[in-house]
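Chemist: starting from these lines, generate the structure:
(one chain, ligands or ions: 2)
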Amino acid sequence: MQGSTVGEFAELLGVPSNDVIKRLFMLGQVLTVTQTMTDELIELIADDMGRKVRVVSPEEEYAVVYNDTEDDLKPRPPVVTVMGHVDHGKTSTLDAIRHTGVAAGEAGGITQHIGASVVNIDGRQITFIDTPGHEAFTAMRARGAQVTDVIVLVVAADDGVMPQTIEAINHAKAANVPIVVAVNKIDKPGATPDRVRQELVEYGVIPEEWGGTNMFVDVSAKQRIGIDDLLETILLQADVLELKANPDALASGFVIEANLDKGRGPVATVLVQRGTLKPGDAVVAGTSYGRVRALVDPRGNHATEARPSDPVEILGLSSVPTAGDEFRVFEDERDARKLAEERALRERLKAQEAKTHMSLDDLFSRI
Ligand code: GTP
Ligand code: MG
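Modeler: Numbers count the residues shown, from 1 in each chain. Ligands and ions are numbered 1, 2, ... in the order given. Got it, this is the predicted structure:
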């Protein structure tokens, strides 16, 4: 769909266009049926009418209306990102969590196969996305997309708040994502977990026990102390958020990472946010498209489907998409291809434009 007039928008939502016009009027916007609505207005009015709408690529004017009613929305697992300063123990914490997840959940080792993992705690799933996907997050946030529901901020108890700790806090605030603080390395002789709490107050991260809204857990990733507590706390935080998505729809979500595999061709790890992704689906991811040849779960097993909050690898794409790209399933493969090709063309034009500007600059600098 190209843009959206008031009439088209009303039709998509299945409401009389007069209703939309009235609501627009209440917002001080006088528009007729044939006039085009801005992305902001589309989202605002839809929200007003209790519908969830996401404008997928505002610059391309492709608006997607997700006509999900309350009944369509089902609980989904939380998606969690571990952040923190260099060497404060992000990887160790994730390792400890995966270890616990295996011990408490299914048997069999987890080979860390893709940039995301799934742990099961007493039958409840938590999806972890690895931190190196930082750039992807920034790209996604720039498009107004939210990938992570909870940020676990790892702060070493012997080092305290450091530049990347502050960066992570800013990131969380900008994305409006709650922070669970893991005060790590409490086994170390110089560890002062309470000083970490004090330092964080300055940045608006205040422990619940001090009247704030942030949950804190003292852990030692190395000695596997407090990890169960941390996982329970993450689930508690998730409960507050009442996370939901419609699983009975064509899948969509974001590319977390992608690469060209020698044997398997282009491989993209995606996070499904809505709908259910299945082998055989016609998918577009950025400027890449194709039919899903196979889905591979974080353990390296073939999957028959991926539901909301599931990370999964997609095989069968025409090229390697970029981390942060949106992916979407189409009923008709031709539509997927058309969108991918239009995006590719637009990118080429942009690149050309940039090149032209550059050569003009070159020219001027020589005069
Ligand atoms: P980068 O990925 O480089 O930013 O580091 P990271 O945050 O992933 O930290 P990592 O898990 O690699 O840990 C850094 C160092 O701290 C390693 O030498 C770990 O063994 C050590 N470490 C991590 N957690 C603990 C802990 O709970 N106690 C102690 N004593 N050492 C820890
Ligand atoms: Mg690391």
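Chemist: check which helix or strand covers the residue of the chain found nearest ligand 2.
Modeler: For the chain, the residue closest to ligand 2 is residue 91, as judged by Cβ to the ion, at 3.2 Å. C-beta coordinates here come from the backbone N, C-alpha and C atoms, glycine included. Residue 91 belongs to helix 90-104 when assigned by DSSP states H and E.
Chemist: check whether that helix contacts ligand 1.
Modeler: Yes: Helix 90-104 reaches ligand 1 (Cβ under 6 Å from any ligand atom) through 90, 91, 92.
Chemist: the closest residue to the last one other than its chain neighbours: what's it in contact with?
Modeler: This means residue 92. Counting by Cβ to Cβ, 6 or more residues apart in numbering, residue 92 lies nearest to residue 221, which is 3.6 Å off, once chain neighbours are set aside. Going by Cβ atoms under 8 Å, 6 or more residues apart in numbering, residue 221 touches 89, 92, 93, 95, 96, 154, 184, 185, 227.
Chemist: near ligand 1, which residues of the stretch 51-200 of the chain?
Modeler: 84, 86, 87, 88, 89, 90, 91, 92, 184, 185, 187, 188.
Chemist: that's a helix at the second one, yeah?
Modeler: No: read with DSSP: H, G, I helix; E, B strand; the rest coil, residue 86 is coil and lies in no helix.
Chemist: list the contacts for it?
Modeler: Here residue 86 is in contact with 162, 164 (criterion: Cβ under 8 Å, 6+ apart).
Chemist: where does it fall, phi/psi-wise?
Modeler: Per-residue torsions, residue 86: phi -50, psi 130 (degrees, to the nearest 10).
Chemist: equivalent analysis for the last one, please.
Modeler: The phi and psi values for residue 188, taken as degrees, to the nearest 10, are phi -70, psi 140.
Chemist: spit out the contact partners of it.
Modeler: Counted by Cβ under 8 Å, 6+ apart, residue 188 has contacts 157, 158.
Chemist: gap between it and residue 223?
Modeler: 10 Å (Cβ to Cβ, to the nearest Å).
Chemist: who wins on neighbours among the contacts of residue 221?
Modeler: Using other Cβ atoms under 10 Å as the neighbour criterion, residue 184 leads those with 33 neighbours.
Chemist: mind saving the C-alpha coords of the helix holding residue 91 as CSV?
Modeler: Only the C-alpha atoms of helix 90-104 are listed here, as CSV (Å, rounded to 0.1, in the frame of the first residue of the first chain):
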residue,chain,number,x,y,z
LYS,A,90,28.0,-9.5,30.1
THR,A,91,29.2,-12.7,28.4
SER,A,92,29.8,-14.5,31.7
THR,A,93,26.3,-13.6,32.8
LEU,A,94,24.8,-14.9,29.6
ASP,A,95,26.9,-18.0,29.9
ALA,A,96,25.7,-18.5,33.5
ILE,A,97,22.1,-17.9,32.4
ARG,A,98,22.3,-20.4,29.6
HIS,A,99,23.8,-23.0,31.9
THR,A,100,21.0,-22.5,34.4
GLY,A,101,18.5,-22.5,31.6
VAL,A,102,19.7,-25.9,30.5
ALA,A,103,19.8,-27.3,34.0
ALA,A,104,16.4,-26.1,34.8
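Chemist: name the helices or strands packed onto it?
Modeler: strand 79-84, strand 116-121, strand 124-129, strand 150-156, strand 179-184, helix 227-241 (3 or more Cβ pairs under 8 Å, 6 or more residues apart in numbering; DSSP states H and E).
Chemist: ok so, going back, contacting residues around the residue of the chain closest to ligand 2?
Modeler: Contacts of residue 91 (Cβ under 8 Å, 6+ apart): none.
Chemist: residue 10 too?
Modeler: Counting by Cβ under 8 Å, 6+ apart, residue 10 makes contact with 16, 17, 19, 20, 33.
Chemist: helix or strand: which one has it?
Modeler: Using DSSP H and E, residue 10 sits within helix 6-13.
Chemist: now do residue 259
Modeler: Here residue 259 sits within strand 252-261, counting by DSSP H and E.
Chemist: which other helices and strands does that strand contact?
Modeler: helix 134-142, strand 265-274, strand 326-330.
Chemist: how far off strand 326-330 does it point, in degrees?
Modeler: Put simply, strand 252-261 runs at 100 degrees to strand 326-330, going by axes from the mean of the first three to the mean of the last three Cα atoms, to 10 degrees.
Chemist: my read: residue 250 touches residue 331, true?
Modeler: Yes: shown here, residue 250 and residue 331 form a contact pair, counting by Cβ atoms under 8 Å, at 6.7 Å.
Chemist: who's more crowded, these two?
Modeler: residue 250 (16 against 10).
Chemist: any idea what the closest residue in space to that one that isn't next to it in sequence is bridged to?
Modeler: Spatial nearest neighbour of residue 250, excluding adjacent residues (Cβ to Cβ, 6+ apart): residue 329 at 4.2 Å. Counting by DSSP bridges, residue 329 forms beta bridges with residue 283.
Chemist: for residue 78, see how far away residue 329 is.
Modeler: Residue 329 sits 23 Å away from residue 78, taking Cβ to Cβ as the criterion.
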